[in-house]
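Novice: Coordinates for the following, if possible.
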Amino acid sequence: MKEIRERGKRILVFETTGELERYCAETIIRVSNDEVRRKGVFSLVLSGGTTPRGIYQILASRGFRDRIPWKGVHLFWGDERCVAMDHPDSNFHMAYVNLISNVPIPEENIHRVRTELPPQRASALYEKEIRDFFGGEDVAFDLVLLGLGRDGHTLSIFPFTEAVDVTDRLFVANYVETLDTYRLTMTYRAVNNARMVIFLVTGREKAEIVRDVLSSPVRKEKYPAQGVEPKTGNLLWLLDSGSGRLIVGGR
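Specialist: Model (predicted):
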C-alpha cells in the first residue's frame with residue numbers, strides 16, 4: 001500500500017482490489033463499533049454500482065458479520081435509480097443481495113429510497129426520513145461511501161446537472177440529460193457534513209479521471225466529485241493499482 005497526500009486529501013493505493021476491499025471493511029467495522037459505543041447508533045451511507053459489492057460480501061461473511069453491532073447500525077443510500085427495489089439496476093437490490101439479507105440488521109434500520117413513487121415525491125420523502133432520523137439536529141452521517149464515474153460524477157450528481165448547484169436540500173431528483181432519466185441523489189450539503197467520507201475507485205479505466213479529479217483545478221460542474229469536501233470530517237480515497245496508476249508514476 002502506498003500513501004499519497006494531494007491537496008490535503010489522504011489517498012491510499014493498494015496493490016489489489018481485494019486489499020482495498022478488506023481495508024474498507026475493517027474501517028467500517030472499527031468506526032461502527034466506535035460510534036455505537038459513543039452514542040448508540042452508527043449511520044452508514046452506502047454506495048451503489050459494482051465497486052462496493054466485494055466490500056458488502058466481506059462484511060456479510062463469516063468472521064466479519066459478527067464483529068459489527070448491527071442493532072445500532074442504520075443504512076442509508078447516497079443515490080438510487082428510478083427502478084423497482086428488486087430490479088438488477090437498483091442500488092438497494094445490490095446491497096440487499098450481497099449484504100442485508102445475510103446479516104442480523106433490524107428491518108427498521110434499513111432506510112431505502114421509495115423508488116416506487118414519482119421522483120420528486122420519492123426525493124422529498126427521503127429528505128424527510130433523513131431529517132427525522134437526526135431528530136432536528138444537524139445532519140451528520142458517520143460514514144459515507146462514494147464511487148467515481150468515468151465522467152467525474154459521484155452519487156448521482158452528474159456533470160452540468162442541476163444537483164451540482166443545490167445548496168438548500170439534502171436529497172433531490174436530478175434529471176440527467178445524457179441518460180434521459182431522473183436519478184435520486186444526496187447533495188453536497190448532506191455529504192459534506194459527514195464525519196468520514198471514503199471514495200472507492202477500482203480499475204485501470206478509472207485512472208485518467210482519478211488523476212483529473214485529484215489534480216485539476218476545482219470545477220465541480222465539470223468534475224462533480226470535486227465538490228465533496230467535508231467541513232470537519234475526514235476524506236479518504238481508496239484506489240487499487242489500476243485506478244491509481246497515474247498518480248503514483250505508473251503507466
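
Novice: residue ranges for the strands of the stretch 1-150 of the chain, please.
Specialist: 2-6, 9-14, 42-46, 73-77, 79-81, 143-146 (DSSP state E, counting those that start in this stretch).

Novice: Residue 192 is nearest to which of these?
Specialist: Nearest to residue 192 among the strands of the stretch 1-150 of the chain is strand 143-146; the distance by CB to CB comes to 9.4 Å. Placement of C-beta: from N, CA and C, glycine included.

Novice: now for the closest one, which elements pack on it?
Specialist: helix 17-39, strand 42-46, strand 196-201 (3 or more CB pairs under 8 Å, 6 or more residues apart in numbering; DSSP states H and E).

Novice: and with 6 Å instead?
Specialist: Applying 3 or more CB pairs under 6 Å, 6 or more residues apart in numbering; DSSP states H and E, one finds that strand 143-146 contacts strand 42-46, strand 196-201.

Novice: Tell me which helix or strand comes right after that strand.
Specialist: strand 171-176 (DSSP states H and E).

Novice: Share the number of residues neighbouring the closest residue to residue 35 other than its chain neighbours, please.
Specialist: Leaving aside its chain neighbours, residue 35 sits nearest to residue 42 (4.1 Å; criterion: CB to CB, 6 or more residues apart in numbering). Residue 42 has 25 neighbouring residues, counting by other CB atoms under 10 Å.

Novice: Which residues does the helix or strand hosting residue 189 contact?
Specialist: Taking DSSP H and E as the criterion, residue 189 maps to helix 188-191. Outside of helix 188-191, the residues within contact range by CB atoms under 6 Å, 6 or more residues apart in numbering are 144, 170, 227, 228.

Novice: Nearest to residue 54 among the helices and strands packed on strand 143-146 would be which one?
Specialist: Taking CB to CB, strand 196-201 is the member of the helices and strands packed on strand 143-146 nearest to residue 54, at 9.7 Å.

Novice: And residue 192, how far from residue 133?
Specialist: Distance, residue 192 to residue 133, by CB to CB, to the nearest Å: 18 Å.

Novice: cool, and residue 162?
Specialist: Using CB to CB, residue 162 is found at 25 Å from residue 133.

Novice: One more: residue 236?
Specialist: From residue 236 to residue 133 the distance is 24 Å (CB to CB).

Novice: repeat for residue 139
Specialist: 8 Å.

Novice: Next: residue 175.
Specialist: From residue 175 across to residue 133, the span is 27 Å (CB to CB).

Novice: likewise residue 185?
Specialist: As judged by CB to CB, residue 185 and residue 133 stand 18 Å apart.

Novice: if you count what's nearby, which of the two comes out ahead?
Specialist: Neighbour totals were compared for residue 185 and residue 133, and residue 185 leads with 30 against 16 (other CB under 10 Å).

Novice: Check whether that one sits in a helix, strand or coil.
Specialist: Following DSSP: H, G, I helix; E, B strand; the rest coil, we place residue 185 in the strand state.

Novice: pretty sure it contacts residue 175?
Specialist: No: judged on CB atoms under 6 Å, residue 185 makes no contact with residue 175 at a distance of 11.0 Å.

Novice: need the contact list for residue 47.
Specialist: Counting by CB under 6 Å, 6+ apart, residue 47 makes contact with 78, 145, 146, 147.
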